[in-house]
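A.B. asks: Pasting the sequence and the predicted model now:
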Amino acid sequence: MQNTDKVHKDKTTTTEVSLLTSRIMLEQNVVLILFSFFTEYFPEEIKKHSEIGYRILYSVASMRDIAEYVLSHHEKMDGTGYPRGLTDDEITLESKIIADADALDTMLNDRIYPEKFSRSWVKEDLIQYQGTQFSTVVVNAVLSDF
């Protein structure tokens, strides 16, 4: 009887994990669809996520330093980023690392785009846009181990 219970318990666990995995994948697809919709039709609303993240983190005393990095993680070296239009020397290294790591993760995984990009394409993109979109310091560090 105990072996039957164990098999049943293991089977239930496997089924539950399978259902949970399916739910997460479905939710991820829904998020991507909504992200695409909002990016196309409400781009200014999407851009508020940096400020919202900042306010959430700033409300926790131990996270206030990190809050600034989150606020500035969509700033670009050439000043065309958001929310404040900061330029290279006004952006903290931590914010540059978060921004470039996020872009790298997005390009190398099928998180936003339908398919991930090849490593060679990503390398060319990093080189082409260093100093404007990407931090030269961060790109050089990434490429040294890419």
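C.D. replies: Perfect, thanks for sending it.
A.B. asks: need the helices for this protein, in chain order.
C.D. replies: Remark: helices assigned in the chain by DSSP state H are 2-41, 43-46, 49-58, 64-71, 93-108, 119-129, 136-143.
A.B. asks: weakest of those by average pLDDT?
C.D. replies: Note on the helices of the chain: helix 2-41 shows the lowest mean pLDDT, a mean of 60.
A.B. asks: need the contact list for Lys76.
C.D. replies: The contact partners of Lys76, by Cβ atoms under 8 Å, 6 or more residues apart in numbering, come to 132-133. Heads up, the C-betas are built off the backbone N, CA and C, glycines and all.
A.B. asks: so how far is Arg84 from it?
C.D. replies: Between Lys76 and Arg84 the distance is 11 Å, computed by Cβ to Cβ, to the nearest Å.
A.B. asks: And for Asp102?
C.D. replies: For Asp102, the distance to Arg84 - Cβ to Cβ - is 18 Å.
A.B. asks: what does Thr132 give?
C.D. replies: Taking Cβ to Cβ, one finds Thr132 at 17 Å from Arg84.
A.B. asks: same thing with Asp100?
C.D. replies: Taken as Cβ to Cβ, the span from Asp100 to Arg84 is 18 Å.
A.B. asks: One more: His74?
C.D. replies: His74 is 10 Å from Arg84, by Cβ to Cβ.
A.B. asks: When those two are compared, which one has more neighbours?
C.D. replies: Per other Cβ atoms under 10 Å, whichever of His74 and Arg84 has more neighbours is His74, with 20 against 14.
A.B. asks: What's the per-residue pLDDT of that one here?
C.D. replies: So His74 comes in at 94 (pLDDT).
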